[in-house]
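S.K.: Turn this into a model:
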Amino acid sequence: MDQNLKGSKVEDYDAPLFIAWQLTSECNLECKHCLEESGPGHSRLWDEMEGEELFDFCDQIVENDIPYVAISGGEPMLHAKFFDICEYIRSAGLSLKVETNGHFVGKEEAEKFAELGLRSVQVSLDGATPETYEKMRPNGNFEKTVKACELLVSEGVNTEVVFVPAKFNIHEVENAADLAADLGASGFYTGKTMKIGRAAENWDEIEISDEEYDEFFEILDRKAEKYDGQMKIYYYPLDILEELKYRLDSPAASLLIKPNGDVKLIGPLPFTVGNVKEQSLKEVWENYKRAWRDPEVIEHTRKVIENPDLLAGPTESVELYQ
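M.R.: Predicted coordinates:
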């Protein structure tokens with residue numbers, strides 16, 4: 001991995017340090033906050049990668065010596081090749097995280113995850129009660145999600161709980177953190193909810209005031225002290241606009257891969273820098289680095305920071321380098 005350790009600026013890296021791969025837009029749930037607007041039947045809305053395309057991309061991840069990959073969706077476990085892809089990536093010795101809603105984790109799946117030796121499995125648990133969880137995640141089942149965590153932990157899988165805050169569940173964060181600790185999770189991850197995708201459509205139900213966030217983070221700080229040495233409490237304090245300001249100066253050494261192979265510059269902006277079905281990963285990476293210094297990107301990002309109504313939806317796409 002020496003090629004990835006030349007410097008701290010994104011321009012210095014010959015390849016990304018991290019790949020966030022949205023394997024499919026198919027999902028059994030229709031979550032109110034979903035940035036990607038995933039749901040039942042949504043894979044038909046994308047020309048998703050399939051067959052050799054999937055494993056050609058895996059080959060390139062391995063060949064470029066990318067140390068860390070996260071697979072998400074939609075719900076990635078609904079993809080027919082999900083475990084095949086996980087096995088391929090792990091067989092190359094790369095670190096792999098899976099992000100799931102947990103509904104398809106039974107004993108057999110938990111055993112498979114354990115055999116794979118994953119970095120972690122992150123399970124979304126947006127509440128401490130069925131009522132709040134299932135309000136955030138229509139079609140969801142709180143008990144199934146809790147059971148998934150129990151099964152994963154029982155098999156020795158490094159299990160992390162993700163909590164997405166909204167106006168109607170933020171009061172349960174203390175109990176949700178306690179629940180995660182009781183389940184044996186190694187981490188509890190949360191932060192400010194982004195106003196894009198389906199979250200923007202449901203913002204009247206989701207929006208949280210600055211004062212409420214202040215209290216939210218104070219609770220998390222207390223929980224971090226309580227569970228020090230047992231469970232990590234992590235929250236990302238920046239909102240979407242603060243994130244964009246930061247990324248203009250310090251782009252991340254990572255790529256976001258959409259189900260159809262498009263590579264987004266960053267989720268909240270419409271720009272794509274290539275497609276891994278049509279271009280090499282190396283070429284896309286060079287486009288990514290170039291894009292953050294592109295006057296069109298800089299100008300548009302500054303406009304978005306001034307006017308958040310310009311934030312991109314999940315299907316918006318402006319191809320920078322065709």
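S.K.: Residue 29 contacts residue 78, doesn't it?
M.R.: No - using C-beta atoms under 8 Å, residue 29 is not in contact with residue 78; the gap is 10.6 Å. Using the backbone N, CA and C atoms, a C-beta is placed for each residue, glycine as well.
S.K.: Spit out the contact partners of residue 33.
M.R.: 126, 136, 164, 166, 193, 197, 198, 199, 202, 206 (C-beta atoms under 8 Å, 6 or more residues apart in numbering).
S.K.: for those residues, which one is nearest residue 254?
M.R.: residue 197 (19.3 Å; C-beta to C-beta).
S.K.: Go ahead and confirm that closest one touches residue 35.
M.R.: Yes - Residue 197 is within contact range of residue 35, at 4.1 Å (criterion: C-beta under 8 Å).
S.K.: and for these two, which residues touch both?
M.R.: Counting by C-beta under 8 Å, 6+ apart, the residues touching both residue 197 and residue 35 are residue 314.
S.K.: re the thing from before, can you say which two of the contacts of residue 33 are spatially most distant?
M.R.: Checking the contacts of residue 33 with C-beta to C-beta, the most distant pair is 126 and 197, at 15.4 Å.
S.K.: More neighbours: those two, which one.
M.R.: Remark: of residue 126 and residue 197, residue 126 carries more neighbours, 30 against 22, as counted by other C-beta atoms under 10 Å.
S.K.: hang on, isn't that one packed against residue 132?
M.R.: Yes - counting by C-beta under 8 Å, residue 126 does reach residue 132; the two are 7.2 Å apart.
S.K.: which residues are in contact with both of those two?
M.R.: Shared contacts of residue 126 and residue 132 (C-beta under 8 Å, 6+ apart): residue 169.
S.K.: And the strand or helix carrying residue 135, what's buried?
M.R.: Assigned by DSSP states H and E, residue 135 belongs to helix 130-136. Across helix 130-136, burial judged by 16 or more other C-beta atoms under 10 Å covers 132, 133, 134, 135, 136.
S.K.: And the next helix or strand past that helix?
M.R.: Next along from helix 130-136, by DSSP H and E: helix 142-154.
S.K.: contact partners of that next one?
M.R.: Here helix 142-154 has contacts from 100-103, 105-107, 109-110, 113, 121, 123-125, 127, 129-130, 133-134, 159, 161, 179-180, 183-185, using C-beta under 8 Å, 6+ apart.
S.K.: cool, and stretch 204-224?
M.R.: 32-33, 165-168, 170, 173-174, 177-178, 188, 190, 192-193, 195, 199, 232-233, 235, 237.
S.K.: now residue 265, nearest residue through space, not along the chain?
M.R.: Spatial nearest neighbour of residue 265, excluding adjacent residues (C-beta to C-beta, 6 or more residues apart in numbering): residue 271 at 4.2 Å.
S.K.: Tell me which stretches of the stretch 201-322 of the chain form strands.
M.R.: Ranges of strands in the stretch 201-322 of the chain, per DSSP state E, counting those that start in this stretch, are 232-236, 254-257, 262-264, 271-275, 318-319.
S.K.: Can you add mean neighbour count, mean pLDDT and distance to residue 288 and give those strands back as a markdown table?
M.R.: Formatted as a markdown table, the strands of the stretch 201-322 of the chain follow (neighbours: other C-beta atoms under 10 Å; pLDDT from 0 to 100; distance: least, C-beta to C-beta, whole Å):
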| stretch | mean neighbour count | mean pLDDT | distance to residue 288 |
| --- | --- | --- | --- |
| strand 232-236 | 16 | 96 | 22 |
| strand 254-257 | 21 | 97 | 6 |
| strand 262-264 | 22 | 96 | 7 |
| strand 271-275 | 23 | 97 | 5 |
| strand 318-319 | 12 | 94 | 13 |
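S.K.: Reformat these as CSV; add distance to residue 153.
M.R.: CSV is the format used below for these (distance: least, C-beta to C-beta, whole Å):
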stretch, distance to residue 153
strand 232-236, 15
strand 254-257, 28
strand 262-264, 33
strand 271-275, 38
strand 318-319, 43
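S.K.: Ok, which of the ones you listed comes nearest residue 22?
M.R.: Per C-beta to C-beta, nearest to residue 22 of the strands of the stretch 201-322 of the chain: strand 254-257, 6.4 Å.
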